[in-house]
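K.L.:
Structure for this input, please:
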Amino acid sequence: MQQLVAEYSDEPPLVVSAAPEAAVASDAEAMRLMRMALVPAAPPVQDVAARSKYTTSLNHEVYDNPTYEDLAAPQQGPVQPFYKLPLGFRKNVLTGFVEDLSTDQFTFDEQFHTFHSFGYGVDPASQKRIVGDAAKLAQQQGHSVFDPVKAGKRDKPKRQKGGTAGSGTFLGPWAPVIREGDELAQKKKQKEGEQHEALDDILAGNKSEDEGEADESKPEEGGVKDKEGQEKEKEKETEKEKDKEMGKEPEKEKEKEKDAGKPGVGEVSEGSSVFHLKEARDYLGRSFVQPPSDLKPYPHKCFLPKRWIHTWSGHTKGVSCVRLFPTYGHLLLSAGLDNVVKIWDVCNTMQCIRTYMGHNKGVRDLCQSRDGLRFLSASYDRSVKCWDTETGAVIGTYSNGKIPYCVKLYPLGEQNVFLAGCSDKKILQYDLRTRGICLEYDGHLGAVNTVTFIDDNRRFVSSSDDKSLRIWEWGIPVPIKYVSEPHMHSMPAVTVHPNGKWFVCQSLDNQILVYGARDRFKLNRKKRFSGHVTAGYACGMSFSPDGHYLISGDGEGKLWCWDWKTCRAYKVMKTHESVCIGCEWHPIEASRVVTCGWDGKINYWD
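P.N.:
Got it, this is the predicted structure:
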């Protein structure tokens, strides 16, 4: 065997030199070593010059390092006759070649279902070419499954047209269906019927003319009719003169009648007001709206109220909210469930200055302009009224047929726009100049309770009965943030901290939650105010001007005072016999607070 290997091997036989130690070995061992052939341990490698630089894509092994130009060169030479795949085709899976493509889930599902339903789809390689059934593509007009084609109107069977009601040719709903072959005959019959009707009208007109000539021959009856017409015209003229004396213009009344049926169009209402003072202006000619000269706003440290000062009583039913005049707080607006709004003096006489009457049901919310010369009132009679504070005149009435639970004037600019959160789950943006709806913020699943501006008045937050908060960009009807958790309750009252970084929400699980008012609008879990009972009541909240204290009413008629930094309840006072529904901290007086309740009283504390 070793001889055969030695004969057929390309390598020379192994020659072992005789060492001094090998001479001692036997002759048989020496002969065996000489006959052994050298077996190569590695396969033979061809010379680089002898190898060809051309290769085929069908090879699975490459014995050198080809360049990129060699691999990218086109295939040359004859094609194998028994190879089924086309020239240049590469496979990376068993059944063919799979190319990676990036697409979103919605686009993939849309084209997947469209191809399996209609038989065509967009080619993912080009995104412009459509592959599949061309006839189905033309029938569906290129729509996908998610954009269904509107079904066209079906051709209803035509019925024979009859004459007018009362004529002999009238058929009504019992007219027979016209077939395609009978259309010409039916047209001829229709023309004949129209000719008969025209002849009947001519004959009837001749008879009426004869009767009119006979009536003209009776002067007594005609004279009576002329006298009655003259009397009616005189009555209309007298009514127009009375309307002009009352300040009404007939053209404006016609416009009101046209706009009355349109939703969202403001109508100038005839609301009235009663002035309770002797003179509207003082000896210097100043109105009661102007602040006293001794009130000057300045930053100051606030203290907790300790004692009762005064009680305003004038509402016959509960008071839903109170609003102190901005900046100075020398006047107080109160909205009552007795359908009226009252304005009170806070600094001097403590009297009721004017009563605004115009709503048919209780008033829910109030909002004042920056200068206090105008204010909005939202009522359960499904309307929002804009009032002139000084004269008591109604500037406009705005309604969309739903109950407005809250109103808020836009703080920037001329304040000609306001928001109204309604019971139909929408926030409506009204324009005071056009008296119409200019935008709708639709996103809540329940009645909207509050609208509060945050983040330098660029955004606003809204709360609803759907137990969620939504943050909106001003002028964009799409929420930018949606806050909802399984443990959340409805939040019917929201107030912003004086520094503008936080806003607090009155939760109906007897606690006040704190959220960030800048970018993330995240819940501050380290701040939580509790101890009061507000379940079922939309009790209002207020901050002290320096931001050190937070006050809130509760369902037991108490006023709770917390420290903002430590969340500790510093003081609890019994302020009302019934629910304490609202509270306001005076903007200048350091320790004075106004509270209102459902017992119909407004209390002043110091």
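K.L.:
residue ranges of the helices in this protein, please?
P.N.:
Using DSSP state H, the helices of the chain run over residues 2-8, 27-35, 68-72, 105-118, 134-140, 183-216, 219-245, 250-260.
K.L.:
what's the least confident stretch among those helices?
P.N.:
Ranked on mean pLDDT, the bottom entry among these is helix 250-260, at a mean of 46.
K.L.:
Listing request: residues of this structure with sub-threshold pLDDT.
P.N.:
Scanning the chain for pLDDT under 70 picks out 1-26, 30, 33-59, 79-90, 101, 148-170, 172-174, 176-191, 193, 203-270.
K.L.:
Could you rerun that using 50?
P.N.:
Low-confidence segments of the chain (pLDDT under 50): 16-18, 22, 49, 214-226, 245-269.
K.L.:
can you tell me how far residue 561 sits from residue 299?
P.N.:
Counting by C-beta to C-beta, to the nearest Å, the separation of residue 561 from residue 299 is 20 Å. Heads up, the C-betas are built off the backbone N, CA and C, glycines and all.
K.L.:
Residue 546 is in contact with residue 299, correct?
P.N.:
Yes: in this structure residue 299 lies within contact range of residue 546 using C-beta atoms under 8 Å: 7.2 Å.
K.L.:
which one of those two has more residues nearby?
P.N.:
Neighbours were counted for residue 299 and for residue 546 using other C-beta atoms under 10 Å; residue 546 has more, 15 against 6.
K.L.:
wait, the more buried one sits on residue 303?
P.N.:
No: when contacts are counted by C-beta under 8 Å, residue 546 is not listed as touching residue 303 (10.0 Å).
K.L.:
which residues of the stretch 1-150 of the chain fall in strands?
P.N.:
Counting by DSSP state E, counting those that start in this stretch, residue ranges of the strands within the stretch 1-150 of the chain are 120-122, 130-132.
K.L.:
I'd like those strands as TSV, with mean neighbour count and distance to residue 147 appended.
P.N.:
Formatted as TSV, the entries for those read as follows, by neighbours: other C-beta atoms under 10 Å; distance: least, C-beta to C-beta, whole Å:
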stretch	mean neighbour count	distance to residue 147
strand 120-122	20	13
strand 130-132	15	14
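K.L.:
Distance to residue 422 added to those, as TSV?
P.N.:
Rendered in TSV, the data for the strands of the stretch 1-150 of the chain read as follows (distance: least, C-beta to C-beta, whole Å):
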stretch	distance to residue 422
strand 120-122	43
strand 130-132	46
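K.L.:
nearest to residue 554, of those?
P.N.:
strand 120-122 (61.7 Å; C-beta to C-beta).
K.L.:
Count the neighbours of the nearest residue to residue 573 once chain neighbours are set aside for me.
P.N.:
The shortest distance from residue 573 to any residue that is not its chain neighbour, by C-beta to C-beta, 6 or more residues apart in numbering, is 4.7 Å, and that residue is residue 559. Residue 559 has 24 neighbours, counted by other C-beta under 10 Å.
K.L.:
Check the gap between residue 559 and residue 504 for me.
P.N.:
In this structure, residue 559 lies at 16 Å from residue 504, with C-beta to C-beta as the measure.
K.L.:
how about stretch 406-422 as PDB, C-alpha atoms only?
P.N.:
Presented in PDB, the C-alpha positions along stretch 406-422 are these (Å, rounded to 0.1, in the frame of the first residue of the first chain):
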ATOM      1  CA  CYS A 406     -68.200  78.700  31.600                       C
ATOM      2  CA  VAL A 407     -67.100  81.800  29.700                       C
ATOM      3  CA  LYS A 408     -63.600  83.300  29.400                       C
ATOM      4  CA  LEU A 409     -62.500  86.400  27.500                       C
ATOM      5  CA  TYR A 410     -59.200  86.100  25.600                       C
ATOM      6  CA  PRO A 411     -56.800  88.100  27.800                       C
ATOM      7  CA  LEU A 412     -54.600  89.500  24.900                       C
ATOM      8  CA  GLY A 413     -55.400  92.200  22.400                       C
ATOM      9  CA  GLU A 414     -58.600  94.200  22.400                       C
ATOM     10  CA  GLN A 415     -60.500  91.300  24.000                       C
ATOM     11  CA  ASN A 416     -63.100  91.000  21.200                       C
ATOM     12  CA  VAL A 417     -63.100  87.100  21.400                       C
ATOM     13  CA  PHE A 418     -64.300  84.800  24.100                       C
ATOM     14  CA  LEU A 419     -64.600  81.100  24.700                       C
ATOM     15  CA  ALA A 420     -67.700  79.300  26.000                       C
ATOM     16  CA  GLY A 421     -67.600  75.700  27.300                       C
ATOM     17  CA  CYS A 422     -71.000  74.200  26.500                       C
END
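K.L.:
is it true that residue 427 touches residue 462?
P.N.:
Yes: using C-beta under 8 Å, residue 427 is in contact with residue 462, at 5.9 Å.
K.L.:
which neighbours do the two share?
P.N.:
Any residue near both residue 427 and residue 462 by C-beta atoms under 8 Å, 6 or more residues apart in numbering counts here, and that gives 421, 441, 444, 448, 451, 472.
K.L.:
Distance check, the fifth one against residue 469.
P.N.:
Here residue 451 is placed at a distance of 11 Å from residue 469 (C-beta to C-beta).
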